[in-house]
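Visitor: sequence first, predicted coordinates after that:
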Amino acid sequence: MTQKTMPLPFNPRSAEFRANPYPTYHYLRTHDPLHYCPERKDWVLTRYADIIEVLNNRHFGRSEQKLAKIEVAANQTSIKRLLSLRDESQKLMKLWLVLRNPPDHNRLRRLLRKTFTQTRIQTLRAHIQTKVDALIERVKESGKMDIINDFAYPLALDLNFNKILGIPPQEWHSNFKQWLDSLSSVADLDVTPIANEKGLLAIADLAEYFRHWIVKCRNDSELQDNLISTFIKAEIGDQLSEDELVANCILMFFAGHVTTSHLIGISILTLLNHPEQLQLLQADSTLIEMTIAEGLRYDSPVQGVSRTALSDIQLLNQTICKGEIVNCLIGAANRDPAQFPDPDKFDIRREPNPHLSFGKGIHICIGRHLAKLVAEITVGTLVRSFPRLSLTTDALEWEDGFLGHGLKSLPAPFKSRVERSGPHSMHDSAVIQQPAHCPIMFVRGFQFFKRKS
Ligand code: HEM
């Protein structure tokens with residue numbers, strides 16, 4: 001039922017709001033579908049149809065942002081060095097595919113397309129299954145597991161870094177986790193100044209890391225079949241500048257990892273909070289594709305994307321002035337009753353399920369086939385291998401932030417061992433601790449795409 005007053009104000013920094021934004025989404029959709037936020041001077045859009053309209057409209061796009069200049073005295077060399085790194089990071093971010101408009105966007109996206117076709121991604125199926133099986137073997141020895149840190153995180157790293165970008169594990173940097181965390185903080189709605197600076201420094205470190213790696217690849221006698229090699233070939237063929245190459249390696253490092261890892265965690269958690277749906281899936285493993293789609297709809301790892309008006313434009317009888325930002329709340333669109341019957345119900349047999357969790361329009365997620373495949377194999381194997389998964393913990397730790405959404409960890413100590421049975425043996429039963437009074441505590445997660453600060 002929709003409330004007459006807003007249950008909680010739309011405030012992405014408020015832990016209380018982030019703990020459960022859905023009642024506020026419902027209120028906004030019904031009473032204020034194009035909501036103006038005077039503090040940030042931007043707009044919030046919540047209805048499915050309106051969001052589709054904006055994401056498909058060429059008058060909304062990305063805007064050139066002016067870099068904040070900070071003046072320092074001539075003798076402050078160390079500060080000057082820091083500031084130049086910061087400027088460099090901001091310049092690189094502006095070159096990210098996701099922040100470009102046509103025609104540059106088309107040129108960059110074309111380069112990525114071949115790597116992410118559905119056929120090509122399907123060739124990774126056996127590799128992913130082997131990895132998941134090996135991770136299960138590893139946790140079996142330790143007697144406990146954490147779905148995020150033992151499965152989601154290492155799997156996403158292997159796929160995005162090793163298989164897609166083409167950097168083998170022995171070349172990985174010990175700061176990866178820290179850089180991913182900091183990068184996650186740089187692109188939220190209402191990002192704090194400290195988080196912003198940390199994110200920019202992570203970009204500077206990653207730029208240095210990738211510049212070294214690119215030199216190494218260029219010196220190899222022949223380029224391999226991976227995304228970085230594709231970028232290098234494009235750079236040699238004058239289709240890409242060196243900065244664009246470095247910038248988009250950083251984007252790919254970040255965009256594919258955190259989201260996929262969050263999808264696996266949220267999918268398992270949502271299933272555990274709906275035991276009858278979990279049982280349905282366990283009884284019929286062919287439902288896995290629909291289960292992941294419904295998990296994406298029900299609690300999206302990306303809660304929103306933003307667009308800037310490229311000219312004055314009318315939307316829902318309001319004039320959106322050129323340069324103003326409209327935040328399209330995917331999480332709200334995915335629960336719009338005008339699009340999804342009984343939208344607050346988690347129903348793994350929901351069909352059709354045109355959720356917006358991968359976005360829409362020219363920026364629709366390029367890695368969606370990969371993310372779905374990894375989640376389907378991982379979640380499918382976990383629920384099959386641990387048939388008595390359940391929740392018992394009294395606190396789940398969620399990443400900070402609003403636009404991105406994911407768990408920091410999802411611990412699952414083993415309860416008892418069961419006999420192996422058949423090719424997909426049941427390894428153990430696992431208990432994830434959570435209080436009896438679920439629903440889940442939603443404390444929102446990592447940040448995703450850059451918006452106007
Ligand atoms: C559950 C996992 C994922 C979710 C929920 C997700 C979500 C999204 C969304 C909503 C967008 C649109 C952004 C916008 O319109 O502003 C997007 C774009 C993008 N995603 Fe994903 N993503 C996921 C996984 C991945 C993976 C695995 C990769 C790559 C390995 C990836 C790479 C990208 C890139 C490069 C873009 C920008 C595309 C463009 O601007 O043309 N994503 N993603």
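Guide: Nice, thanks for sending it over.
Visitor: show me what from this structure comes close to the ligand.
Guide: 97-98, 109, 160, 164, 251-252, 255-256, 259-260, 263, 301-302, 305, 357-359, 363, 365-367, 370-371, 449 (Cβ under 6 Å from any ligand atom). Where you see a C-beta, it was placed from the backbone N, CA and C, and this is true even at glycine.
Visitor: now, which of these lie within strands?
Guide: Among the residues of the chain next to the ligand, DSSP state E puts residue 305 in strands.
Visitor: which ones among the residues of the chain next to the ligand map onto helices?
Guide: Among those, the ones falling in helices (DSSP state H) are 109, 251, 252, 255, 256, 259, 260, 263, 370, 371.
Visitor: could you identify the helix or strand that succeeds the helix or strand harbouring residue 137?
Guide: Residue 137 is part of helix 125-142, with elements assigned from DSSP states H and E. Remark: after helix 125-142, the chain's next helix or strand is strand 144-146, criterion DSSP H and E.
Visitor: give the next helix or strand downstream of that next one.
Guide: Using DSSP H and E, the helix or strand that follows strand 144-146 in sequence is helix 153-157.
Visitor: what lies in contact with that following helix?
Guide: Outside helix 153-157, the residues that touch it by Cβ atoms under 8 Å, 6 or more residues apart in numbering are 128, 131-132, 135, 172, 176-177, 256-258, 260-261, 264, 374, 378.
Visitor: wait, which of the residues you listed is closest to the ligand?
Guide: Nearest to the ligand out of the contacts of helix 153-157 is residue 256 (Cβ to the nearest ligand atom; 2.5 Å).
Visitor: who are the contact partners of the closest one?
Guide: Shown in contact with residue 256 (Cβ under 8 Å, 6+ apart): 156, 159, 160, 164, 367, 370, 371.
Visitor: may I have the helix holding residue 137 as PDB, with CA atoms only?
Guide: Backbone C-alpha positions of helix 125-142 (Å, rounded to 0.1, in the frame of the first residue of the first chain) are rendered in PDB as follows:
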ATOM      1  CA  ARG A 125      31.500 -21.800 -19.300                       C
ATOM      2  CA  ALA A 126      33.800 -24.700 -18.700                       C
ATOM      3  CA  HIS A 127      36.500 -22.500 -17.200                       C
ATOM      4  CA  ILE A 128      34.000 -20.900 -14.800                       C
ATOM      5  CA  GLN A 129      32.600 -24.200 -13.700                       C
ATOM      6  CA  THR A 130      36.200 -25.500 -13.000                       C
ATOM      7  CA  LYS A 131      37.000 -22.400 -11.000                       C
ATOM      8  CA  VAL A 132      33.800 -22.700  -8.900                       C
ATOM      9  CA  ASP A 133      34.400 -26.400  -8.200                       C
ATOM     10  CA  ALA A 134      38.000 -25.700  -7.200                       C
ATOM     11  CA  LEU A 135      36.800 -22.900  -4.800                       C
ATOM     12  CA  ILE A 136      34.300 -25.300  -3.300                       C
ATOM     13  CA  GLU A 137      37.100 -27.900  -2.700                       C
ATOM     14  CA  ARG A 138      39.100 -25.200  -1.000                       C
ATOM     15  CA  VAL A 139      36.400 -24.200   1.500                       C
ATOM     16  CA  LYS A 140      35.600 -27.800   2.200                       C
ATOM     17  CA  GLU A 141      39.000 -28.100   3.800                       C
ATOM     18  CA  SER A 142      38.600 -25.000   6.000                       C
END
